[in-house]
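Undergrad: No sequence on hand, only this structure:
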């Protein structure tokens, strides 16, 4: 990594100022894009939820009198035009009020936050498994390029990526919960309940990272400076640690960013399959009964998580490539 030039008195030179200015422009641009993305997500969710069903029909009994249904809609403002509800929702959101659950009258944010720890346990564990499996497998396959091990691992990665999470989850339940009776099939009471959901969610991302890591490592291994380092006496392991992985970091970071998005989206299905009490399962239940405020809070939370993860990946580019902050094209 290049060092910052110092003036004669030991202070950082103007090169640091340019980097800080580039970083500031980058952050402002990303903030503007983040706010625009969140606005689009909130607007789309708001309109779709209200056009695809009436909460009164979903939450009230089938034999509820019309006047009760009308009172319910009036109580929650559902009898107003959609554009009026939209303006009121944004005004309340700016005041920190994201609404109340139509199902039980509780604050929607509180209802969602109760489920966040369970989802974090699942997604963080799955992400750790994704990296722990995907990166070593990709490097190992690159070192065995063209051999049987390389072909077998890439075939398995392709199969795993091609199969939906619910198919893998059901297969694992049948194998380890029903047939072998080694692991529980649903719930979250013990650490053993975490194994099957984490494996289902984590291995899908590991398959993607393994393939991209293999491609990036193969491209870097063919560079003259890597061959020169190995000719000078470095072992393959040393060459990988010192040269291959640092120079392949940018494409790997890119695919890791996409993988995080896949984990967030995939957790919704996995939580349903394994009856995991997280926000993904809560989202499905809220949409089914048109619990509007709860569904909107979850979508906002997922959108914030996605854009935050992408911002972190973009910032990481500057750490692995110091020239990032000096190149205006990289921040557009």
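TA: Arrived safely. Quick caveat: nothing in here was measured; it's all calculated off a predicted structure.
Undergrad: Tell me the pLDDT of the nearest residue to residue 302 once chain neighbours are set aside.
TA: Among residues not flanking residue 302 along the chain, residue 264 sits closest, at 5.8 Å (C-beta to C-beta, 6 or more residues apart in numbering). C-betas here are computed from N, CA, C, even on glycine. Residue 264 is assigned a predicted lDDT (pLDDT) of 81.
Undergrad: repeat for residue 330
TA: Residue 330 carries a pLDDT value of 44.
Undergrad: any idea which element the closest residue to residue 88 other than its chain neighbours lies in?
TA: Using C-beta to C-beta, 6+ apart and skipping the chain neighbours, the partner closest in space to residue 88 is residue 77 (6.7 Å). Per DSSP states H and E, residue 77 falls between elements, in no helix or strand.
Undergrad: who's in contact with residue 289?
TA: By C-beta atoms under 8 Å, 6 or more residues apart in numbering, the contact list for residue 289 reads 55, 58, 59, 102, 103.
Undergrad: For burial, what's the neighbour tally of the fourth one?
TA: In this case it means residue 102. 23 (other C-beta atoms under 10 Å).
Undergrad: Need the phi and psi values for it.
TA: phi -70, psi -20 (degrees, to the nearest 10).
Undergrad: cool, residue 99 as well?
TA: Backbone dihedrals for residue 99, given as degrees, to the nearest 10, come out at phi 100, psi 180.
Undergrad: Quick check: the gap between the closest residue to it other than its chain neighbours and residue 59.
TA: Counting by C-beta to C-beta, 6+ apart, residue 293 is the residue found nearest to residue 99 once chain neighbours are left out, at 3.1 Å. From residue 293 across to residue 59, the span is 12 Å (C-beta to C-beta, to the nearest Å).
Undergrad: Next, show the common contact partners of those two.
TA: residue 102.
Undergrad: Please verify my assumption that the residue nearest to residue 302 contacts residue 123.
TA: Yes: judged on C-beta atoms under 8 Å, residue 264 makes contact with residue 123 at a distance of 6.7 Å.
Undergrad: picking up where we left off before, mind checking which helix or strand the residue nearest to residue 99 is in?
TA: Taking DSSP H and E as the criterion, residue 293 maps to helix 292-320.
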